[in-house]
Each structure stands twice: as structure tokens, then as C-alpha cells.
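Trainee: have a look at this prediction, sequence included:
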Amino acid sequence: MKDTSASARKSGRPRTFDAETALDKAMKVFWEKGYEGSSLPELTEAMGMNRPSLYAVFGNKENLFRMALERYGATHDPLFNAALEQPTARAVVEHFLRGNADAQTEAENPHGCLVINGALACSDDALPIRHSLIERRAASEARLRARLERAKVDGDLPAGSCSGQLARYVMTVSNGMAVQAAAGATRKQLQEVVDQVLRGWPS
């Protein structure tokens, strides 16, 4: 009779191993500590697997982070997509920033944003990861800029408005909110920042 317990030990991971659950746990470690701040011992402990098993299933640490980032995006990108579909530029910005304030302060998750936290304090050794995160933020800004430009064409924004500057402003606020959330800012405090942005929004 086959010794399944011995087989499980030889495989380096328990028979109940679930790659999706392990990836979720890795995502939260990266989310809280950033890419370089997350050590392999911390990752393997959180994921419930040893280092050889991690490499066998996910490849190296960089590949694991990229997979975690995709998983994060699958959950959080719909918020941004929904914001861009709002009927006015002001509603786009309000939906996006208020949604971020809520998402970045959820009790069950690390505070802040994985895309922002992941790039903090990256050394030259992590430049590929840093560049990927910067490109991801730039792509979001470009989409927001295009939406605001359409709002200007539709007469929803003043003709003299600069969609590029407004998009950069909104993304800078969003990024700053993520840093503040990771540092302990409350949801109420972040929503007050959104209130201030909306008070100054061009109309």
C-alpha cells in the first residue's frame, strides 16, 4: 500500500496544499512589507511551504511577486474601471479616491496599496520590479488622462483645463493616500483628503 504521508513529506508540502491560498498569503506579505522587505523565510512561513516547494510551484521570489501583483490587480482593478465609467469627471475622481480610501483601510488586509508599498525602498537589485510597478502606475494615469480629456471635449471640464495635469494630480493624491494609510491614517482622515480635492475640482 502506498504511504501517502511519506509521499507528502517528500513533495515538500502538505497534501492539503492550495496554490491559490498560498498566493493570497504571499500577496499580503508583499502588500505589508514591500518587495524587498519581504524575506523568503517570512514568505514560506506565511504560505505554509518550504523554500524548495516555493521555487517548484512559483519560481523565484520575483516571479512570485509578479503573480501576487496580478492577483491583487484582479481584485482592485475593477474599482478603477468602475470609476472611469462614471458620467462626469468629478464623479470619476470621487469614485476612484473614495474607493481607494475604503480599500486602503480595510481591517482584513494590510493598509495601503501593494503597487505603492511594493516599490518603496527598492534597491538596484530590485529595479525590474520597481520599473514594472512604475509602468503599472503610468498606465493607470494614462487611462485617467484619456477619460478627463474626453470630459473636456464633452464640456464637462473647463476648456482651459489640462487633462494631463489633472490626472497627475489625482494619481499623486491617490499614491499619497496609500502611503498615509500604510503609516496608520484612518479611513475618516483619507476621506477628508478626498473632500478637499473635490472642493477644489474645476467646474
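Mentor: Thanks, I have the structure now.
Trainee: list the contacts for residue 176?
Mentor: Going by CB atoms under 8 Å, 6 or more residues apart in numbering, residue 176 touches residue 193. All C-beta atoms are positioned from the backbone trio N, CA, C, and that covers glycine.
Trainee: can you check residue 133 too?
Mentor: 69, 115-116, 118-119.
Trainee: next SSE after the helix or strand hosting residue 175?
Mentor: Here residue 175 sits within helix 163-182, counting by DSSP states H and E. Sequence-wise, the next helix or strand downstream of helix 163-182 (DSSP H and E) is helix 187-199.
Trainee: now that next one, how far from the chain's geometric center?
Mentor: 20 Å (CA atoms, centre = their mean, to the nearest Å).
Trainee: run the angle between the top helix by length along the chain and helix 163-182 for me.
Mentor: Counting residues, the longest helix found in the chain (DSSP state H) is helix 127-153. Here helix 127-153 runs at an angle of 130 degrees relative to helix 163-182 (axes from the mean of the first three to the mean of the last three CA atoms, to 10 degrees).
Trainee: chain center to helix 127-153, what's the gap?
Mentor: Here helix 127-153 is found 14 Å from its chain centre; the criterion is CA atoms, centre = their mean.
Trainee: ok, now stretch 188-203?
Mentor: In terms of CA atoms, centre = their mean, the centre of stretch 188-203 is found 22 Å from the chain centre.
Trainee: next SSE downstream of the lowest-mean-pLDDT helix or strand in the chain?
Mentor: Least confident helix or strand, the chain: helix 4-11 with a mean of 44, by mean pLDDT, DSSP states H and E. Next in sequence after helix 4-11, counting helices and strands by DSSP H and E, comes helix 19-33.
Trainee: same for the helix or strand just after that following helix, what does it pack against?
Mentor: For helix 19-33, the following helix or strand on the C-terminal side (DSSP H and E) is helix 40-47. The contact analysis (3 or more CB pairs under 8 Å, 6 or more residues apart in numbering; DSSP states H and E) places helix 40-47 against helix 19-33, helix 51-58, helix 61-84.
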